[in-house]
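Novice: Let's see this in three dimensions:
(one chain, ligands or ions: 2)
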Amino acid sequence: MNYTGKVKTNIEIAENIWKMDISTGKVFRSLPGQFINVLVNDSYEPFLRRPFSIFDAAKNSVTIVYKVLGQGTKALTEKAPGDKLDFIGPLGKSYVESYIPNHKSQIIIIGGGTGAASTYYLAKYLRSKKIKFTFIQGARCKPQMVAIPVFRKLGCIFATDDGSLGRKGFVSGLLEEVLASQIPNHKSQTKKSEIRNPKYEIVVFACGPKPMFRAIKAVTDKNDKVKVFASFEEYMGCGIGACLSCVVEMKNGEYKRVCKDGTIFDLDEVVL
Ligand SMILES: Cc1cc2nc3c(=O)[nH]c(=O)nc-3n(C[C@H](O)[C@H](O)[C@H](O)COP(=O)(O)OP(=O)(O)OC[C@H]3O[C@@H](n4cnc5c(N)ncnc54)[C@H](O)[C@@H]3O)c2cc1C
Ligand code: FES
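Specialist: Ligands and ions are numbered 1, 2, ... in the order given. Predicted coordinates for the structure are as follows:
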């Protein structure tokens, strides 16, 4: 659905990372993991809309958290309270459509870099359903970490490449520690092929860059009890399934559109 929203607030919350609250003007219904496609400028320069995960949402508002990278995100920083903002959404499938969490599920949420922007809403959603989860956020360094205080309130633990916040190293290292504490003998588990009827008990929801997915997979591949659903942030054109610019290759040889068939896929099915 197309919305003409109004910017409520637009502030820098970390190094080159901004948070924008938008009043949607009409009812906005979304689920965690979905995104909106924003027309950053009335002058159509840049021409293409820019996709951003829904950081948080309510009946009449949506929040995005964005890193300033190029022309589009720079233009967004110039928006002031009261300015109009045209966007399409909510788009894509939700984490909770990929796997329906229940009270028996052990859930681990991982956000890496600006991928963390798609995980906060999920953590809030699970908390509202009283479903327990472990929450991990990683970034290069503390100044690059998204919205630390609000993530902390949801019990988030952190990893930074330089050790300036939380565990030093990648989120995959923190994941390995968490799994070791949740699954006895995690490190010495038998290989997938040796297990006759694999059944996963721990579900990881992750959003971040592809190298992060590869590192996560290297950890979770050791154990068939763990399943990963990952939200991909490929370059997008139309955002609605028409242009094929966002496809990822699947292991069965198919190509799937991140914007329409995803953004969330079973990590075992995607060629990384
Ligand atoms: C589904 C989805 C959700 C996203 N959610 C968020 C979010 O919540 N917060 C956020 O900060 N960003 C998010 N992104 C990435 C964001 O859309 C891009 O950073 C933004 O479009 C860049 O626009 P720009 O005009 O500023 O930069 P451009 O001028 O288009 O590009 C500037 C630089 O950014 C790189 N870049 C552009 N798009 C991407 C991308 N998709 N992935 C990696 N690098 C890119 C380019 O290679 C270039 O180096 C998301 C992307 C997708 C597909
Ligand atoms: S962005 Fe056009 S098909 Fe996905």
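
Novice: Tell me the buried residues in stretch 101-117?
Specialist: For stretch 101-117, a neighbour-count test (16 or more other CB atoms under 10 Å) marks 101, 105-117 as buried. The way it works is simple: take the backbone N, C-alpha and C, and place the C-beta from them, glycine included.

Novice: before we move on, what about stretch 258-267?
Specialist: 258, 259, 260, 261, 262, 263, 264, 265, 267.

Novice: what about that stretch, how long is it end to end?
Specialist: 13 Å (CA to CA, to the nearest Å).

Novice: Next: stretch 53-61.
Specialist: Span of stretch 53-61 from end to end, CA to CA: 14 Å.

Novice: Check stretch 15-30 too.
Specialist: End-to-end for stretch 15-30, by CA to CA: 28 Å.

Novice: same question for it, mean pLDDT?
Specialist: The average pLDDT within stretch 15-30 is 96.

Novice: Could you do stretch 260-272 as well?
Specialist: The pLDDT scores in stretch 260-272 average 96.

Novice: So that stretch, near ligand 1 or not?
Specialist: Yes: Stretch 260-272 lies within reach of ligand 1 by CB under 6 Å from any ligand atom, at residue 263.

Novice: about what we covered before: from the buried residues of stretch 258-267, pick the one nearest ligand 2.
Specialist: residue 259 (3.4 Å; CB to the nearest ligand atom).

Novice: Now do the phi/psi pair for the closest one.
Specialist: With angles defined as degrees, to the nearest 10, residue 259 sits at phi -70, psi -30.

Novice: Dump the buried residues of stretch 101-117 into TSV; add pLDDT, distance to ligand 2 and secondary structure as well.
Specialist: Shown next, in TSV, are the buried residues of stretch 101-117 (pLDDT from 0 to 100; distance: CB to the nearest ligand atom, whole Å; DSSP: H, G, I helix; E, B strand; the rest coil):
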residue	pLDDT	distance to ligand 2	secondary structure
101	78	27	coil
105	76	30	coil
106	89	32	strand
107	94	28	strand
108	97	28	strand
109	97	25	strand
110	98	24	strand
111	98	22	strand
112	97	22	strand
113	95	21	helix
114	94	18	helix
115	96	18	helix
116	97	22	helix
117	97	19	helix
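
Novice: circling back: mind checking which of the buried residues of stretch 258-267 land in helices?
Specialist: Using DSSP state H, no member of the buried residues of stretch 258-267 falls in helices.

Novice: what comes up buried for stretch 131-149?
Specialist: In stretch 131-149, counting by 16+ other CB under 10 Å, buried: 131, 133-139, 142, 144-148.

Novice: For the chain, which segments are assigned as helices?
Specialist: According to DSSP H, the helices that the chain contains are 71-77, 95-98, 120-128, 148-153, 171-182, 210-220.

Novice: In strands, which of the buried residues of stretch 131-149 appear?
Specialist: 133, 134, 135, 136, 137, 138, 139 (DSSP state E).

Novice: where's the fourth one relative to ligand 1, distance?
Specialist: Here residue 136 is placed at a distance of 17 Å from ligand 1 (CB to the nearest ligand atom, to the nearest Å).

Novice: do you know how far the residue nearest to that residue when sequence neighbours are not counted is from residue 139?
Specialist: Sequence neighbours aside, residue 110 is the residue nearest to residue 136 in space, at 4.7 Å (criterion: CB to CB, 6 or more residues apart in numbering). For residue 110, the distance to residue 139 equals 12 Å [CB to CB, to the nearest Å].

Novice: before we move on, what about residue 161?
Specialist: For residue 161 relative to residue 139 (CB to CB), the value is 8 Å.

Novice: what stretches of the stretch 151-272 of the chain score poorly on pLDDT?
Specialist: Scanning the stretch 151-272 of the chain for pLDDT under 70 picks out 184-200.
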